[in-house]
Structures are given as structure tokens and as C-alpha cells.
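> Sequence first, predicted model second:
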Amino acid sequence: MIPEIGHYALILALCVAVVQGTVPIYGAAVRNSALMSIAKPAARGQFLLVLLAFCCLGYAFAAKDFSVLYVAATSNSQLPLHYRIAAIWGAHEGSLLLWVFILTVWMVAVSFFSTHLPEAMRARILGVMGLVSMGFLLFMLTVSNPFERLIPAAFDGRDLNPLLQDPGMVIHPPMLYMGYVGFSVAFAFAIAALLGGNLDAAWARWSRPWTTVAWCFLTVGVAMGSGWAYYELGWGGWWFWDPVENASFMPWLAGTALIHSLAVTDKRGSFKAWSVLLAILAFSLSLLGTFLVRSGVLTSVHAFATDPKRGLFILVFLAVVIGGSLMLYAWRAPRVGLGGGFSIISREGMLLGNNVLLVAALGSVLLGTLYPLFLDALDLGKISVGPPYFDTVFVPLMTPAIFLMGLGPLAQWKQASLPELAMRLRWAFGVSVVTALVLPIVMGQWTPLISLGLLLAIWILTTIAVDLRERLALAGGGGSLFGRLAAMPRAYWGMVLAHCGLALFIVGVTMVKGFEAEQDVRMNVGQTATLGGYTFRFDGTQPYKGPNYIAARATIHVSQDGREVTVMYPEKRRYTVQNQTMTEAAISPGFLRDLYVSLGEPLEDGAWSVRLYHKPFIDWIWGGCLVMATGGVLAISDRRYRLAWRRKEVEVPAGTQMARQIVS
Amino acid sequence: MRWLLMVILFLPSLAAAGEAAPLAENPQAEARLKALAVELRCLVCQNQTLADSNAPLAEDLRREVREMIAKNMSDKEIIDFLVTRYGDFVRYRPPLKTTTTLLWVGPFLLLIGGAIALVMALRRRQKKLDDVALSDAERNRVAQLLSEGANRL
Amino acid sequence: MNRFLIPLGIFVVVVGFLGIGLTLNPRELPSPLVGRPAPDFSLPQLHDQQKVLSANDLKGKVWLLNFWASWCGGCKTEHPVLIQLAQSGVVPIYGMDYKDKREDALAWLKEWGNPYPIVAVDESGRAGINYGVYGVPETYVIDKAGVIRYKQIGPLNGDVLQTKILPLIKELQNQ
């Protein structure tokens, strides 16, 4: 009964989506206020209906209703409750429901926080989002129904993949989808501006907070995916340039470029068409990612079970949505005005340079991901493109971008001078180069890559320090240091924090790749091994019974200079339902290093093969991403946005034009 | 005398409860294997390296590579051995051939192309903005209007 | 106007490739050995361990080499097709028992029938690696000169047999 209610709720949601996707947009075209005002209640209604469907599916999982095919395929009577709930998005159909649900969450957010937008704009934005949800709901109701029944009901379910039975499964997909799907808001803003023909600096100002929030979520989502792979997969890796990982990283790169380009459009009214294109690109990459994961076109550890019919539907949807947007762009963008002028050497120029580099990096990742498909389609053979390619190509592209990060915030708008910048930054550059060359030698190993990584990270930090000092000096003599610091806008602190976060990330990556150590040993009971200054003593294994697995749990005492540091308990688990063996690594996290132990195979006489890792600074990788995301949050909480949200709806007169605008 | 015998008998077990031995017989060769295996693909997995996979074929291939290392074959020879049998698919680092030129050169082209496009776009818009400069007749009219306005005040 | 159409143009090309991609199988690995000499092997026979089967012995005739194992489900699927093909006498099918136990293989053949005049035993899987085998079953068509002419990945079925393999065998036998 409950699954049928859920199914029916989805059908109703589709009807609402059809209305929401067509009526307000038409209403905005003919300036009919009554039709436009349908957008808000439609969005909220859709949210409630999809929420109902989501809860029905959740209930089916919680109540172990194995007469629902999806529940039988991904759950089990012995699966703990929190994993049964996470199993909602454990496979294709349910994850689509999560996708649509999060889309409706964003719709509702837009409906509440858009009082300052002109009515026509809001109507178009919600209308575009309605069209997107219409496509996904249609997809679910035709070929991917999560509520499909299994008659006769299964006695017990097939269980969730053991690799997914982990707290990461509870948080990572929702975070990732909040980011992915969140770019639909920026996309809707862009399409609405193209449709309405009112592409101006105000559009950029309104669009920025929404883009930044989605970007924050995506940053956290991707970082979580990486951290989860690190501790779950048992071999200490944290990024494989797998097609699905790339599919989530490319929208992030586009989103980062978009945030920076919106800054230019907001401040100077320039490059509006480019910002719009980036917004379309970011969401297109989200949709492309959705396609790649489910279509079977590329091989990936993360891919859902594939079905060519589903792949075809998504591809057609992709073609319609993105093709349509790009056609609209080709039609409307040429008419957009130019905005303020600026020279090539200026803050705008550097922000756009950042864009070029990010888009080139994005393009390279896309090229590498799709290249095997290109060659196979042209019958030119089968190749693999893996980490060696991406690592070789990505670092040289990012290096100039990070170098620009130091120059950009210090450059003046409109016209800056390179010699003057060089003068202001000479100490920062000197300190960075010297430290980067010397530090690796002090730490024990020097390679060019370690130095490069440290150079980039220290460059970011020193240039931020220079910028901060200059701004404090400009802020005037009055007030305490703390007062002057607090008086600086939050948007500035957001930028500082985000850039620092990136510096921490670079430090983490550089140190781990440069200094990590590994040992593969056979340990008898009582034997020790040393790694990275730590001594690991193997004290045998005990059998251990979990809710749906049995394990051999080892005890490993870790000491440093004779003092005991920690005890670690790696496990070798056998999940009883799918009869799958898995190694559960034990990690001792630390500020400056992680110790990582994973069990291999049992050998004779109670001995085991054990793999030990010492990974210095690895938590700085994900810590840096969290700091980046915090910077984004700080930026959105800037005064001008808080004031804007409290402001009532403003009617922007149709005749308002930017100065020096050319109408071609 | 008996206790001496006991001590001698216990010594081996004391040695065993000491430092753990490396898993591999030959750590150097194993390090070489790891360096190679990280760049090779497990052919039956869903995108994993030869080093990380537990699949039976992966273990067989690692054994083959180990034997080739023991025969002192060079890295290139070992990779060629596998490529002859399984094709370029087995390499995670795509070889530089005519079909992969676009792959390796592409990122560089994107960068250069993007930079050129940016500079051209900036120059084009500078020109367009400069074109709006007023002509002499219009400049006179502006001066006239401004002075008229001042007179009226 | 024209430069604003570039994104759309790029997109259309990408979608085209993705569409073609839906019809392809990214995990199927065509063999680079087609058109090259079949790697030689000298392995003990399943039914008579004193004797040896060698690829070189089979030069001068067209033959099929079928990699199979008793633990392989797909091999069961294709087995009736092999039996039928063997009974037709068109081409000899030599079996390669891949990474299997002798007793299991013998029992399997006893239960499901034996289409092979001789079965060689590749216990270590080394011959398989030399032939670029990455799964079972896989079947190779080898001509009179000992050159691999075709590789079938996965179970043989009637369709592939009729449309591709039998015509090829006929052509090779007439050479």
C-alpha cells in the first residue's frame, strides 16, 4: 500500500512539474502576473509530493518490505537501520529519487529566498527547474521505477554491497547531489536571463550566492568521496581519476571558474555571456556525470548496474536540455552588451586567466575520460587512460592558475601594472622559493615535484599575508588590529579562507606523495615492524561477530620511542549474505600523519600478511577542502546578501541600461 | 647443564618473536613489480590497477611480471610482453601513437587556444569600446549643451 | 553569431560519440593476436598425462582452440553448440582446460559430453596469458599456417557460428 502511495505521489509530482515548467515561463513571456505566480506554489507542492514519495520508499526499507523489487535488491533483514535508510540511494532507481528530491529542495529554497528578484525572473527560474525535474520524473516513471513490485515477495533481500555499508554512504551521496543538483539553480538563473533578455550585472549579483552554496556542497561531497575511498578500499589511495570521480570533479572545476567569472560580471558588468556559458557548462557536466554513471558507456568501480535503455533516455534528455540551452545561448548572447572596459593586465584579466586555465584543465579531464570511447567508436582500438595521464597533464595546467591566485587579489580593477605587482610581491616570492627549496632537504628528501608543491602552497599563503597587510594599512590608523580585521567584509575573509584551504590541500598532496612509506610484512604473533619512526606489534587475531558479518579482528600495538601511542584493530570481514570478503583497514588519524594498517591473508600458525602505511599530512587534503568550503559559506554570509534577503521585492525598471552599453 | 639445553632450545622462538620479515622474498624486485603494476590495468576488474586487484587473473599476471623481473627483463620489455598479448588497453599510461596524439597534445592546445582566445576577445572589446569615442561634431555639441545648461542655472 | 555556435557544435559531436558508445561494450577486449602466429605450447593431455599436445603439431589443418573450465558457467552454455559442431566434423576442436583440476574436468566432460579429440591442460594459466585470454570461454580459429584468424570472446552461439565462423573456416580450408 505505502509503495503505491509513493508511486502515485511521483505521478502527481510529474503533473505539477509539467505545469511548473510551462505556465510560469509562458506567463513571463506575456507578462501575465497570475500565470507567473503559479511558480512558487508549484515548486513547494512538488517538494511535498516528492518528499512523500521519498518517505514511502524509506518506510519500505525500514519495514523490510521485500515485496518491493528495489528493496529486495539492495537491502537485507540483517542490515542495520541506518544502512537500510542509506540503501535508498544505494542503486540506480533510488539514487534518481534522491536526485529529484534534492532538486525539489533547491526549488523550495529558491521560492523562499527570491523575494528580491523581479517576478518574471523568479517565474522563469522555477520554470526551468520544473522542466528539469519533469525530465527526471518521467525517466523514473518509465524505465526506473523504485516502487516496482516483486511478486511473489522475496524471502530476504540481496543485501547492500558491503563496500557501501559504511557511515560514508549515509552522507557522501546527499552532499554530492546537493552540489551537483545545486548547479541547476545557477543554470536556471542563466537560462532565465537569456529568456528574459535582461542579462546584466544584477543577474550576476543574484546568481552568486546560489552558485557559491552549490559549490560548497560539491567541494564537501567530492572531498568526502575521496576520504571514504581512502579508508574503505584498504590500499590507502584517495583519488584514481576514475570516470565517475572525474564526472564529479569536472562540475567542480566549472563551478570554481563560474564563481570567479561571476565576480567579474558582478563588479564590472563584463563577460556576461561567458558567465552564462559557464553556468550552462557546470550543469551540463552534472548531467553528463549522471549519464556516465548509469549508461555503461565507461567502466568504473562506481558505476551503477547498466541498461542501454536507461542510457538512451538520459542521453536524449541531455541532448534536449543542453542542446536547447546552447541554442538559446547562440541566439541571445550576441545581443548582450559589453559592460565596463579593462586592460589585459588587470584583476579582471587575471580572473579570466584563471577561467582559461580552469577550463583547459576541465577540458583535459574530459578529453582523458572520453578518449577511450572516441577511439573505440571510430574503431581505432581500445586504450586505457588512467592516473599516469591525468597526473602528468593536470599539474602543469594548475601551476600557472595557482600562481595567478597570488597576483589576482592584489591587482587593481581595470588597469594594473606587472612591474608594480612584482615590486609588492618580491618578498613573498623570495620567501616562497627559498622555503620550497630548503624545506624538503630538511625533511629528508628533495624532488622537483615536492618543491613545486611547497612553492605553490607557500606562495598562496605569503601573497595572502601581503594583501592582508596592505589592506590593514589602507583601513586607516583608528581602532585596534582586531577591530580593523573584523571590519573587513566577510566576502574578503571568505576568499582568504578558501584560498588558504587550497594551500592546505596542496601541502597535503605534496607531502603524502613525496614522503609516504609503505611496508608489506608477514607478522607472526608478537613480531614487530617499524615504519616512519613508529613500531607496530602484532598481537594476533580474535574472531568477532558483527550484525551481518563475521570477522577476524587483529590487535596491533603502536609505539614511538618506547611510549605506546595507540592500539589499532584492522579486520578481515566476511559478509554472510553475499559471501563477500572485505578488509577493513585500521587508521590512526593525526594532525601531522595517518597510520594505516590493513590485513592481507592469513598464513600458517596464526600469522598474517599485513600492510603498513605511514602517510604524513594526508588529513590536510580533506581538511583543506573543508576549509575551502567554509570560506565559501563565509562569503555568502556577507552583509550585502543578508541585507538583500531582508529587502522586499524590487521592481527593476525595464529601461535600465548599463553605461557604455552597445546595442548591436 | 639442563638449563643450558633449555635456553638453546628456546633461542629460535625468541628470534621468531622479533622483527617481522618482509612478505616478499625479494623486496627490491617487489618494489619494481609495484612500480610497474601501478601503471597496468587489471583486465577483469571495473577499473583497478594490477597492483590492487585480488582477481585470479591479476595474481597470475603479477606472477608473470615477477618472473620477468627475475629474468632481468627491462620495464619496456615487460610492458611490451603484455601489450603484445592484451593490447594497449592494459596500460594506464596511453602510449604516444598517431591515434593518441590528440590525447597528449590536446591539453596543451586547449591552454594555448584558450589564452589566444582570451587575448583576442579582450582586444576586440577594447576596440569596440574605443569606437564609441565621440566624433568632433558630437564633442562640440556636448560642450554646447553643457554650457547651455550652466547658463540656465 | 558564428563563434557563439561553437559550444553547440562541440556538444553535438560529444553527444554523437556518447550515442555510439551506448552500442559498444567498454569491457570487451579484442585480441591483438588476430593475424599473428598462434603462440606455441606443449602441454600434457587431459586423458593421457604421458602424452603432450603441441600447437606446432596441428599445422597444416584448420582448427579451433577452445579455452574452458569445469568451474565456468558460460562454458556450459556453449557446450551443446560445440558438441554439435564436433559431430558435424567440419573442423576439429581442441580443448584447453584452463586453471582447472584434472578430476573436475574429467567428470565434467563425462557428464556433458566430449567434443574434443584432445584436451590439453593449462593448470598454471600461462598458455592462457600467452594467448591473451582474460576469461573463459574463449575460442580461437587457427589456420593451416598456424596463424590466429579469429577470436570469439565469451560463449559460442549458433548465430556467430553461422554468420562468421563457419564461412571463415570454409575459406581457410580452401586455401
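Happy to help now that I have it. Numbering: from 1, shown residues only, chains lettered A, B, ... in the order given.
> make it CA atoms for all contacts and neighbour counts henceforth
Will do.
> contacting residues around B:Leu61?
Counting by C-alpha atoms under 8 Å, 6 or more residues apart in numbering or on different chains, B:Leu61 makes contact with B:50, C:129.
> State the pLDDT value of it.
According to the prediction, B:Leu61 has pLDDT 94.
> Can you list the strands that the helix or strand harbouring C:Met96 pairs with?
Element membership for C:Met96 (DSSP states H and E) is strand C:93-98. The sheet places strand C:93-98 alongside strand C:63-68 (parallel), strand C:119-122 (parallel), with pairing taken from DSSP bridges.
> Please produce CSV containing these, extended by distance to A:Arg574.
As requested, those are arranged in CSV below (distance: least, C-alpha to C-alpha, whole Å):
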stretch, distance to A:Arg574
strand C:63-68, 29
strand C:119-122, 31
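> Would you point to the one among those that's packed deepest?
strand C:119-122 (a mean of 26; mean count of other C-alpha atoms under 10 Å in any protein chain shown).
> distance between the helix or strand following it and the chain's centre?
For strand C:119-122, the succeeding helix or strand toward the C-terminus, using DSSP H and E, is helix C:126-130. Its chain's average C-alpha position is 13 Å from that of helix C:126-130, according to C-alpha atoms, centre = their mean, to the nearest Å.
> Report the mean per-residue pLDDT for the strand or helix carrying A:Val276.
Per DSSP H and E, A:Val276 falls inside helix A:272-295. In this model, helix A:272-295 carries a mean pLDDT of 93.
> next helix or strand past that helix?
Per DSSP H and E, helix A:272-295 leads on to helix A:308-332 as the next helix or strand towards the C-terminus.
> Can you get me a residue count around the residue of the stretch 201-350 of chain A found nearest chain C?
Residue nearest to chain C within the stretch 201-350 of chain A: A:Ala330 (4.8 Å; C-alpha to the nearest C-alpha). A:Ala330 has 21 neighbours, counted by other C-alpha atoms under 10 Å in any protein chain shown.
> Need the nearest residue in space to it, chain neighbours excluded.
C:Phe4 (4.8 Å; C-alpha to C-alpha, 6 or more residues apart in numbering or on different chains).
> what about the one you found, neighbour count?
For C:Phe4, the tally of surrounding residues (other C-alpha under 10 Å) stands at 18.
> So it versus A:Leu328, what's the distance?
From C:Phe4 over to A:Leu328 the distance is 10 Å, taken as C-alpha to C-alpha, to the nearest Å.
> Please give me every residue in contact with the residue nearest the centre of chain B.
Per C-alpha atoms, centre = their mean, the C-alpha nearest to the average position across chain B is that of B:Arg93, at 8.1 Å. Residues in contact with B:Arg93, defined by C-alpha under 8 Å, 6+ apart, are A:384-389, B:39.
> Just say helix, strand or coil for it.
Secondary structure assignment for B:Arg93 (DSSP: H, G, I helix; E, B strand; the rest coil): coil.
> That one and B:Gly18, how far apart?
41 Å.
> same thing with A:Met488?
A:Met488 sits 60 Å away from B:Gly18, going by C-alpha to C-alpha.
> Could you pull up the contacting residues of the residue of chain B at minimum distance from chain C?
For chain B, the residue closest to chain C is B:Arg85, as judged by C-alpha to the nearest C-alpha, at 4.7 Å. B:Arg85 makes contacts with C:31-33, C:129-132, as judged by C-alpha under 8 Å, 6+ apart.
> Please, which helix or strand holds A:Ile383?
Judged by DSSP H and E, A:Ile383 forms part of no helix or strand.
> May I have the phi/psi pair for C:Ile153?
Backbone torsions of C:Ile153, given as degrees, to the nearest 10, read phi -90, psi 120.
> Any figure for the gap between the residue nearest to C:Ile83 when sequence neighbours are not counted and chain B?
Take C:Ile83 and drop its neighbours on the chain: the residue closest to it by C-alpha to C-alpha, 6+ apart is C:Pro115, 4.9 Å away. Taking C-alpha to the nearest C-alpha, to the nearest Å as the measure, C:Pro115 falls 27 Å from chain B.
> what's the neighbour count on C:Pro115?
Quick note: C:Pro115 (other C-alpha under 10 Å) scores 21 neighbours.
> Quick one: residues contacting the residue nearest the centre of chain C.
Residue closest to the average C-alpha location in chain C (C-alpha atoms, centre = their mean): C:Thr139, at 1.6 Å. C:Thr139 makes contacts with C:64-67, C:151-154, C:156, as judged by C-alpha under 8 Å, 6+ apart.
> Quick check: the farthest pair among the contacts of B:Arg85?
Farthest pair in the contacts of B:Arg85 (C-alpha to C-alpha) is C:Pro32 and C:Ile129. Separation: 12.7 Å.
> Verify the contact between A:Glu601 and A:Met582 for me.
No - the pair A:Glu601 and A:Met582 fails to qualify as a contact (C-alpha atoms under 8 Å) at a distance of 10.9 Å.
> Neighbour count: those two, which is higher?
A:Met582 (19 against 13).
> Got phi/psi on the more buried one?
When read as degrees, to the nearest 10, the backbone of A:Met582 gives phi -150, psi 140.
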